[in-house]
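A.B. asks: predicted model, plus sequence, below.
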Amino acid sequence: MFVRAYLRASTTEQDASRARSQLDGFAAERGLTIAAWYVENESGSTLSRPELFRLLADARPGDVLLVEQVDRLSRLGAADWERLKAEIATRRLRVVALDLPTSWMMATASPDEFMARMFEAINGMLLDMLAAVARKDYDDRRRRQAQGQAKAKAEGRYKGRGEDLERNSGIAAMLGKGLSWSQIQAATGCSRATIAKIAKRVALNP
């Protein structure tokens, strides 16, 4: 059994490795060693997370997928959450989250078959519940943000997010040097939509 730790933050301004010491401490208390770390800055509301799927590809049956909180793993809508759960189940991974105490025993040696099945069922139900709560929190925050922006626009106060001119200039330079979009995304942490916008701008102004 290998313990594979997954760390995620939504933006490049946030520290995805913030919880690393907590996960290390949790593993150490149980005499476990974290074999691999998978760290990325991507939204939990999307399945487009290269490091998460690299973890799934690396995993072997019985390995532990360790996260700080269930919302680090998923803020997905119902359909995408079911797809991710299916991927995890296919690889027979044990999901252990620090905010889900019923999952902690999954990080230790398996009990007898009956108890293992009981805890898997309970853990799966609670995972579903916490994933649904995480998605609701995401939707609520997005709705409040949209309401705030609409009010600010109506009052003439909303100016939107300013463009990061230095970063975008660097992206344009990398495009000019022939770097691939994947290389640029890895170097800057920006979205492919941002690269597409700048690529279009460069094409219009060669």
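C.D. replies: That came through fine.

A.B. asks: how about residue 5, phi and psi?
C.D. replies: phi -90, psi 130 (degrees, to the nearest 10).

A.B. asks: does anything pack onto the lowest-mean-pLDDT helix or strand in the chain? Which helices or strands?
C.D. replies: In the chain, the helix or strand scored least confidently by mean pLDDT, DSSP states H and E is helix 113-154, which has a mean of 79. Here helix 113-154 touches helix 70-73, helix 78-90, strand 94-97, going by 3 or more Cβ pairs under 8 Å, 6 or more residues apart in numbering; DSSP states H and E. For glycine as for every other residue, the C-beta is placed from the backbone atoms N, C-alpha and C.

A.B. asks: any idea how far the last one is from the chain center?
C.D. replies: Same thing as strand 94-97. 15 Å (Cα atoms, centre = their mean, to the nearest Å).

A.B. asks: what's in contact with it?
C.D. replies: With Cβ atoms under 8 Å, 6 or more residues apart in numbering as the test, strand 94-97 has contacts from 62-70, 72-73, 88, 103-104, 106-107, 123, 127, 130.

A.B. asks: ok, the longest one next?
C.D. replies: The list of residues contacting helix 78-90 from outside it, by Cβ under 8 Å, 6+ apart, reads 46-47, 53, 56, 65, 73-74, 76, 95, 127-128, 131-132, 135.

A.B. asks: Provide a list of residues in contact with the closest residue in space to residue 77 that isn't next to it in sequence.
C.D. replies: Excluding its sequence neighbours, the residue lying closest to residue 77 (Cβ to Cβ, 6 or more residues apart in numbering) is residue 135, at 6.2 Å. If a contact means Cβ under 8 Å, 6+ apart, then residue 135 has 45, 74, 75, 76, 77, 78, 81 as its contacts.

A.B. asks: any stretches of the chain with poor pLDDT?
C.D. replies: 12-13, 109-116, 118-119, 158-162, 204-206 (pLDDT under 70).

A.B. asks: cutoff 90 now
C.D. replies: Filtered on pLDDT under 90, the chain yields the residue ranges 1, 9-19, 41-43, 48, 62, 102-194, 196-206.

A.B. asks: and it, what are its domains?
C.D. replies: 3-136, 165-204 (automatic domain parsing).

A.B. asks: straight-line length of the first one, end to end?
C.D. replies: Counting by Cα to Cα, to the nearest Å, you get 29 Å between the two ends of domain 3-136.
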